[in-house]
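[1] have a look; sequence and predicted model below, questions after that.
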Protein chains: 2
Amino acid sequence: MSVEVAKRYFELMDSADAGTEDVLELYGDDPVVHSSRAGVVRGIEDIRQFYEDNSEFFTGGEHHMTNFHQDGNVVVCEGYLDGETAVGREADGVPLCDVMEFNEDDEIVAFRAYLDYRGYVDEVPEEVPNVRAEAE
Amino acid sequence: MSVEVAKRYFELMDSADAGTEDVLELYGDDPVVHSSRAGVVRGIEDIRQFYEDNSEFFTGGEHHMTNFHQDGNVVVCEGYLDGETAVGREADGVPLCDVMEFNEDDEIVAFRAYLDYRGYVDEVPEEVPNVRAEAE
């Protein structure tokens, strides 16, 4: 069932009719998101902001998911992202991997996003989050 | 057993005494590497060059792997990279995910690397590889 929720996640992310609240409904209590862009984001309120920031950053785009691997309560989602960003950049076919951990109710309790943002930003950041340190 | 090979891979990548040939020994016949930096790299000769380019790009660094997920012949390796690069940049704790597909002899036949390079480059590239198109 968790794989079906994972597939639903990407459908929602790409749907013009769905919004942040629809995505957040897939999450369980006290979730945590790890992202190379935003660092460690804890709790549904901050995760809501994370998705709203994401929606402002990506002005257009589409996921092309290719593989879903399941190991216990973990689903690993591999694919590619076509994206356009608010800074005026566009990159297609960028490898993307999202790792989702589920609770017994098939709700996402941990989400770790792996994506190379080089094609989506217009300048390199002075520094990037030390996600390992933030996760400790 | 595949998870043990995956763990060995990162030991070799971080070892001062190991080189590209030691890493290549973990690969089977006709392997393919997918990377957001290098695109799709097919065959052991081009993969050798990929690792040599990687060694020139990363002048120092260490992996801190946290999770290994197995689904059939696939092992998903999550962790963080501390890295220093030839362009004079340094970033620690950057999320990294490597997906390895193994053959029946526990040799790697496909390797897909997910890493955000923003902290390691000194300028954004004009364009990034369309890895999805290259993979078709």
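    Sure thing, it's come through.
[2] send me stretch A:115-122 as PDB with only the CA atoms.
    C-alpha atoms of stretch A:115-122 as PDB (Å, rounded to 0.1, in the frame of the first residue of the first chain):
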ATOM      1  CA  LEU A 115      18.000  16.400  -6.100                       C
ATOM      2  CA  ASP A 116      20.800  18.300  -7.800                       C
ATOM      3  CA  TYR A 117      19.700  21.900  -7.800                       C
ATOM      4  CA  ARG A 118      22.500  23.300 -10.000                       C
ATOM      5  CA  GLY A 119      20.200  23.500 -13.100                       C
ATOM      6  CA  TYR A 120      17.500  25.400 -11.200                       C
ATOM      7  CA  VAL A 121      19.400  28.100  -9.400                       C
ATOM      8  CA  ASP A 122      21.000  31.200 -10.900                       C
END
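[3] run through the bridge partners of the most centrally placed residue in chain A.
    When CA atoms, centre = their mean is applied to chain A, the residue found nearest the centroid is residue A:113 (5.1 Å). In this entry, residue A:113 is beta-bridged to residue A:35, residue A:98, by DSSP bridges.
[4] surely it and residue A:32 touch.
    No. The pair residue A:113 and residue A:32 fails to qualify as a contact (CB atoms under 8 Å) at a distance of 11.8 Å. The C-beta positions use only the backbone N, C-alpha and C, and glycine is treated the same way.
[5] nearest residue to residue A:128 other than its sequence neighbours?
    Using CB to CB, 6 or more residues apart in numbering or on different chains and skipping residues adjacent in sequence, the residue nearest residue A:128 is residue B:119, 3.7 Å away.
[6] pull up the gap between the nearest residue to residue A:73 once chain neighbours are set aside and residue B:74, please.
    Counting by CB to CB, 6+ apart, the nearest residue to residue A:73 once its immediate chain neighbours are dropped is residue A:102, at 4.9 Å. Separation of residue A:102 from residue B:74 (CB to CB, to the nearest Å) stands at 18 Å.
[7] out of the two, which sits in the busier spot?
    Legend: neighbour count by other CB atoms under 10 Å in any protein chain shown for residue A:102 and residue B:74, higher for residue A:102 (22 against 19).
[8] quick one, strands of chain A?
    Along chain A, the segments classed as strands by DSSP state E run A:27-35, A:39-42, A:58-71, A:74-85, A:90-102, A:108-115.
[9] give me the buried positions along the first one.
    I take that to be strand A:27-35. Across strand A:27-35, burial judged by 16 or more other CB atoms under 10 Å in any protein chain shown covers A:27, A:28, A:31, A:32, A:33, A:34, A:35.
[10] contact partners for the nearest residue to residue A:116 once chain neighbours are set aside?
    Among residues not flanking residue A:116 along the chain, residue B:36 sits closest, at 3.7 Å (CB to CB, 6+ apart). Residues in contact with residue B:36 (CB atoms under 8 Å, 6 or more residues apart in numbering or on different chains) are A:94, A:95, A:116, A:118, B:113, B:114, B:115, B:117, B:128, B:129, B:131.
[11] low-scoring stretches of chain A, by residue?
    Counting by pLDDT under 70, chain A contains no low-confidence segment.
[12] what's around the nearest residue to residue A:94 once chain neighbours are set aside, how many residues?
    Take residue A:94 and drop its neighbours on the chain: the residue closest to it by CB to CB, 6+ apart is residue A:81, 4.9 Å away. Neighbourhood size, residue A:81 [other CB under 10 Å]: 22.
[13] with the one 5 residues further on instead?
    With neighbours defined by other CB under 10 Å, the count for residue A:86 comes to 13.
[14] picking that back up, now do the same contact list for the residue nearest to residue A:128.
    A:124, A:125, A:127, A:128, B:83, B:89, B:90, B:91, B:94.
[15] for it, grab phi and psi.
    The phi and psi values for residue B:119, taken as degrees, to the nearest 10, are phi -80, psi -10.
[16] any idea how far the closest residue to residue A:18 other than its chain neighbours lies from chain B?
    Nearest residue to residue A:18, sequence neighbours excluded (CB to CB, 6+ apart): residue A:12, at 4.3 Å. Residue A:12 is 21 Å from chain B, where distance means CB to the nearest CB, to the nearest Å.
[17] OK, contacts around residue A:12?
    By CB under 8 Å, 6+ apart, the neighbours of residue A:12 are A:18, A:22, A:23, A:26.
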